[in-house]
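Trainee: just need the structure, nothing else, for what follows:
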Amino acid sequence: MTKTPLILWFRRDLRLSDHPMLAAAVATGRPLLPVFILDPETEAMGAAARFRLGLGLAHFGGVLADVGSRLILRRGAALPVLRALLAETGAAGVYWQRMYDPAAKTRDAEVKANLRADGFEAESFSGALLIEPWQVATGTGGYYKVYTPFWRAVSARGFAPPVPAPAHLPAPELWPASEDLGSWQLGAAMRRGAAVVLPHQRVGEAAALARLDGFIAASVADYRIERDFPAETQATSGLSENLAWGEIGPRTIWAAGQRALHEGAAGAEHFCKELVWREFAYHLLHHAPQIETTCWRPEWEGFGWRGDNADAERWRRGMTGEPFVDAAMREVYVTGRMHNRARMIVGSYLTKHLLTDWRVGLAWFAEVLTDWDPAANAMGWQWVAGCGPDAAPYFRVFNPAGQAEKFDADQRYRRRWIAEGARVPAAQALSFFDACPKSWGLDASARYPAPIVELAEGRARALAAYSAQKEGNGGNDGDV
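Mentor: Okay, the predicted model is just below:
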């Protein structure tokens, strides 16, 4: 039996350490066959996510080679691909790390049931989260719908230390054929933007661990104070990119944060809270999968948001006439990411000042973020729109100008990303015009656009819509 291979089905878990599935597989003593499948669920991802996935796969293939293994690539629906591989290799079964979005859960349940019915091992493992969504419950046995008690419940638990990376992976006597990663053209939809975004990516487990170490050493102490200032590029860890692709495990981050906390770093607890905010997003996605597509508070489905519209298109292009909003929208086109404070501001502006459905924003973020995460994206948009769990009330309308005055008083962030009108535009600001589609016809030397809507007018319109919604619900806006 120890010579019978196991297939390791990698997905968004491109690392060797802090990986329970991999540790369990190594412990069997069997030859291991790492596999990645480009299935329809994966191909449905947005342009930036597919581009970043391609970078991660190329890098992970090299990491596996360094430990005596390789990454086999196949394309097609997961179940028939895995069945074909089992037949080709004589493998005993398939191991994988769990995923929690509805499409992945449906796919994985089908794979597990059918492979077990065929007589194969089919085992799923934790590893993407500190704690499985079904392992934490309220006093009445339900799931948490508010973050603060969820934080208390999760942070009170102890977590096993992360498992080190294996020094070697046992290889099979014969390797099955692999498709060529380049032929998949995962970055093709990025077009000319790929070359602009590429230098801003830090790919792979080693880069993620270095990122974590540098942040803990230099920045975690001031994290709570500095994290809301988007011009301070070193104030946050930047690990959302690596977490999204599983290039670092959450227990590794938690352990580092807890060490810093015990050593007296003032911002370490808040850093750990942000990691648990991600856990909360997956807790909700598991228990209420409709959060991806419908308002978590059903009374908001009748709210008067507009569908996609010309104003939303100006928002997508970073041409709203509100410098803080436009700076953020241009940042994502150059770097593939957006500062968290900026995400709240652009989300509030779209859903409230422009009265546009949060799902329009959710779809755009899914298209352009290299750190796209299905749970964080869904919960973030519903939070800022006011229709989600633990949400910002709808009447809390972020004022972009007021936010800029508070969090970008010296205008460094806006100058970094807005070229029009500057005597000597910043290189990053000019890069936006190299990254965005030529069909937009944008020119750095053009005049900066006038605002779509005056902020006071937009706020008044949002509050009027909110009042109408509240009256329609019999005076109950659903906020807790």
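Trainee: residue 201 reaches residue 370, doesn't it?
Mentor: Yes. Between residue 201 and residue 370 there is a contact at 6.3 Å, judged by CB atoms under 8 Å. In short, each C-beta sits where N, CA and C put it, glycine included.
Trainee: from the contact counts, what lies against the strand or helix carrying residue 283?
Mentor: Using DSSP states H and E, residue 283 maps to helix 268-287. Helix 268-287 sits against helix 147-155, helix 223-226, helix 250-262, helix 374-385, with contacts defined as 3 or more CB pairs under 8 Å, 6 or more residues apart in numbering; DSSP states H and E.
Trainee: now those helices as JSON lines including distance to residue 415, mean pLDDT and mean neighbour count?
Mentor: Shown next, in JSON lines, are those (distance: least, CB to CB, whole Å; pLDDT from 0 to 100; neighbours: other CB atoms under 10 Å):
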{"stretch": "helix 147-155", "distance to residue 415": "34", "mean pLDDT": "95", "mean neighbour count": "16"}
{"stretch": "helix 223-226", "distance to residue 415": "19", "mean pLDDT": "96", "mean neighbour count": "17"}
{"stretch": "helix 250-262", "distance to residue 415": "32", "mean pLDDT": "97", "mean neighbour count": "20"}
{"stretch": "helix 374-385", "distance to residue 415": "25", "mean pLDDT": "95", "mean neighbour count": "24"}
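Trainee: state the distance from the closest residue in space to residue 329 that isn't next to it in sequence to residue 177.
Mentor: Nearest residue to residue 329, sequence neighbours excluded (CB to CB, 6 or more residues apart in numbering): residue 318, at 3.7 Å. To residue 177, residue 318 is 45 Å away according to CB to CB, to the nearest Å.
Trainee: just say helix, strand or coil for the residue nearest to residue 329.
Mentor: What DSSP: H, G, I helix; E, B strand; the rest coil gives for residue 318 is coil.
Trainee: hang on, the earlier thing: okay, residue 318 and residue 177: which has more neighbours?
Mentor: Taking other CB atoms under 10 Å, residue 318 and residue 177 do not tie; residue 318 has more neighbours (25 against 8).
Trainee: the more buried one and residue 310: what is the separation?
Mentor: On the measure of CB to CB, residue 318 and residue 310 end up 15 Å apart.
Trainee: same check, this time on residue 327
Mentor: 21 Å.
Trainee: help me confirm that residue 130 comes into contact with residue 275.
Mentor: Yes. Applying CB under 8 Å, one finds residue 130 in contact with residue 275, separated by 7.5 Å.
Trainee: nearest residue to the residue nearest the centre of the chain in space, ignoring adjacent ones along the chain?
Mentor: The residue lying closest to the centre of the chain (CA atoms, centre = their mean) is residue 373, at 2.4 Å. Nearest residue to residue 373 in three dimensions, chain neighbours excluded: residue 244, at 5.0 Å (CB to CB, 6+ apart).
Trainee: pull the number of nearby residues for the one you found.
Mentor: Count around residue 244 with other CB under 10 Å applied: 22.
Trainee: what does residue 25 give?
Mentor: 23.
Trainee: now do the helix or strand harbouring it: which elements does it pack against?
Mentor: Using DSSP H and E, residue 25 falls within helix 20-27. Packing partners of helix 20-27 (3+ CB pairs under 8 Å, 6+ apart): strand 6-10, strand 93-97, strand 121-125.
Trainee: let's see it at 10 Å
Mentor: strand 6-10, strand 32-38, strand 93-97, strand 121-125 (3 or more CB pairs under 10 Å, 6 or more residues apart in numbering; DSSP states H and E).
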